[in-house]
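Visitor: Let's see this in three dimensions:
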Amino acid sequence: MLSFITQRVLKGVIVLLAIVVLNFFLIRLAPGDPAVVMAGEAGASDQVFVKQLREKFGLDKPLPEQLFIYVKGVITLDLGFSFRQQAPVAKLIGERLPATLLLTLTAFAISLMLGVLFGSFAARFAGTFLDTAITVFALIFYAMPIFWVALMGILLFSVTMDWLPSFGYETVGANLTGPGHAVDVAKHLIMPAMTLGLFFMATYTRMTRASMLEVKRLDFVKTARAKGLSDAVIQRRHVLRNALLPVVTLAGVHSGTLIGGAVITETVFAWPGIGRLMYDALLQRDYNLLLGVFVICSAMVLIFNLITDLVYRLVDPRIEFAS
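Guide: Modelled structure (predicted):
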């Protein structure tokens, strides 16, 4: 197992470096010059001032030299300096990363638990009204755009019913600490996490249902039923456990998609995470900050994929680790 993890980490580092290089060139191909944008906002768009800005932030150097400097910095864990925020990129991301992890992990847990639960009920009562109701419920949230669900959630639970706060990470000016602060953050987290989680819940519901129906037709399930085991025991111990592997695979793939969905969710709910930071950096042509966020998001996806491979062994002990 240790050898497997070591090899996967080494391969992940190579993949991450390749992603860094690719993202560097893709960002440079985007239209717009950060120096021109900054000069225009400062009200001094003459060529001399633009040239000074380009020299100050290293944008006047040849592209291969810029790439070498950036990759060297990434290897030494230096993500550069944000010329728009006037702060190190690592510091800016470090301030926003906990909020994004809290949102994405909560949404992931909600989607996975509800998806497996609803999918199990749909498979057990396949062909009945309950199966149809769960399928329709899942497809509704899968078909609706995330931003639309977010806006409707704000309109219903915040504006109309006044149950939950509509935006932000915590109540501004409340200065809460301890359990009071945790409860306040939890209230602000409910709507963003549910909005993001319900979309992926629909996929896990359909996958769990289809996988369980397929496993129920296998011979070992017929043998368990012939031994006189109850239907509940068969569903829980034999069918569900063997049907989870495709769901775990899909969950690992969705780990990267969750970050993309968080960009929309964080923007709508004004959640102070790296998704919104990336959106602001894109509008401001803040190359270093944008590349830094890409690096962190890529590293998170690689880590989630490694965790997915380890979870395979927990779900099915027959699976052996291989490089």
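
Visitor: Strands along the stretch 51-200 of the chain, start to end?
Guide: 81-82, 87-88 (DSSP state E, counting those that start in this stretch).

Visitor: right, so of these, which gets closest to residue 182?
Guide: Residue 182 lies closest to strand 87-88 among these, at 27.9 Å (CB to CB). To be clear about C-beta, it is placed using only N, CA and C from the backbone, and glycine gets the same treatment.

Visitor: ranking the strands of the stretch 51-200 of the chain by mean pLDDT, which is last?
Guide: When the strands of the stretch 51-200 of the chain are compared on mean pLDDT, strand 81-82 scores lowest, with a mean of 79.

Visitor: Paired strands for that strand, with orientation please.
Guide: Applying DSSP bridges, strand 81-82 is found paired with strand 87-88 (antiparallel).

Visitor: Nearest spatial neighbour of residue 234, chain-adjacent residues omitted?
Guide: Leaving aside its chain neighbours, residue 234 sits nearest to residue 224 (5.2 Å; criterion: CB to CB, 6 or more residues apart in numbering).

Visitor: That neighbour touches residue 241, doesn't it?
Guide: No - counting by CB atoms under 8 Å, residue 224 stays clear of residue 241, with 12.0 Å between them.

Visitor: Which of these two has more residues huddled nearby?
Guide: Set side by side, residue 224 and residue 241 show more neighbours around residue 224, with 16 against 13, by other CB atoms under 10 Å.

Visitor: export the strands of the stretch 51-200 of the chain to CSV and tack on mean neighbour count and distance to residue 108?
Guide: Formatted as CSV, the strands of the stretch 51-200 of the chain follow (neighbours: other CB atoms under 10 Å; distance: least, CB to CB, whole Å):
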stretch, mean neighbour count, distance to residue 108
strand 81-82, 22, 29
strand 87-88, 15, 29
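
Visitor: Residue 12 is nearest to which of those?
Guide: Comparing those under CB to CB, the one sitting nearest is strand 87-88, at 24.2 Å.

Visitor: and that closest one, how far out from the chain's middle?
Guide: 24 Å (CA atoms, centre = their mean, to the nearest Å).
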